[in-house]
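In: Dropping a prediction and its sequence here:
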Amino acid sequence: MQKTHSKTIGYLLWIFGFIGAHRFYYGRKITGTIWLFTGGLFLIGWIVDLFLIPSMDRQAAVKYQAGHIDYSLAWILQTFLGPFGIHRFYMGKIGTGLLWLLTAGLCGVGYVYDYLTLNEQVDEVNRRR
C-alpha cells in the first residue's frame, strides 16, 4: 500500500479542523461539510479527530491511487492558489487551468467544486498513467 496523503499535512489541517479542512483533505466530503457548518461539530468532533487522523490516513491510502501527481502538493496548490487554477495546471488540465485563471476559479464556484472533488481528480489522473 503506497502512501497517498501525509499525516503531517493532516495534522496541520486539523488545526483548522473546525472548518473541516482535514476531512476534505482525506476525502470525507459530507463530514467535512458538516464540520464546516457546525464548527467541527461544536469542537467536540474536532477534538476526537485528533485521534482519528491516523486511521483517516490509512483509509485514504487504500481508497486513492498513488502516482506521479502528489495529493498533498495538489491540495496545497488548490488551497492557496486555487482561484488561479495552478492545481489544475499541475494535474495537466491546461484548458480548465486557463479557464480558472481567467475567471478566478469560475468566480469561486469552481474553487469550491475542486475543494470537494480534488482527491477524485488526482486519483483519476494517477489511474490513467
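Out: Alright, I've got the coordinates.

In: ok, now which ones touch Leu99?
Out: Counting by CB atoms under 8 Å, 6 or more residues apart in numbering, Leu99 touches Gly85, Leu106, Gly110. For every residue, glycine as well, the C-beta is placed using N, CA and C.

In: Mind listing what's buried along the helix or strand where the last one lies?
Out: Gly110 is located in helix 109-128, with elements delineated by DSSP states H and E. Along helix 109-128, the positions that meet the burial threshold by neighbour count (16 or more other CB atoms under 10 Å) are Gly110, Tyr111, Asp114, Tyr115, Leu118, Asn119, Gln121, Val122, Asp123, Val125, Asn126.

In: check contacts around the fourth one.
Out: In other words, Tyr115. Contacts here follow CB under 8 Å, 6+ apart; on that basis Tyr115 touches Phe24, Gln78, Gly82.
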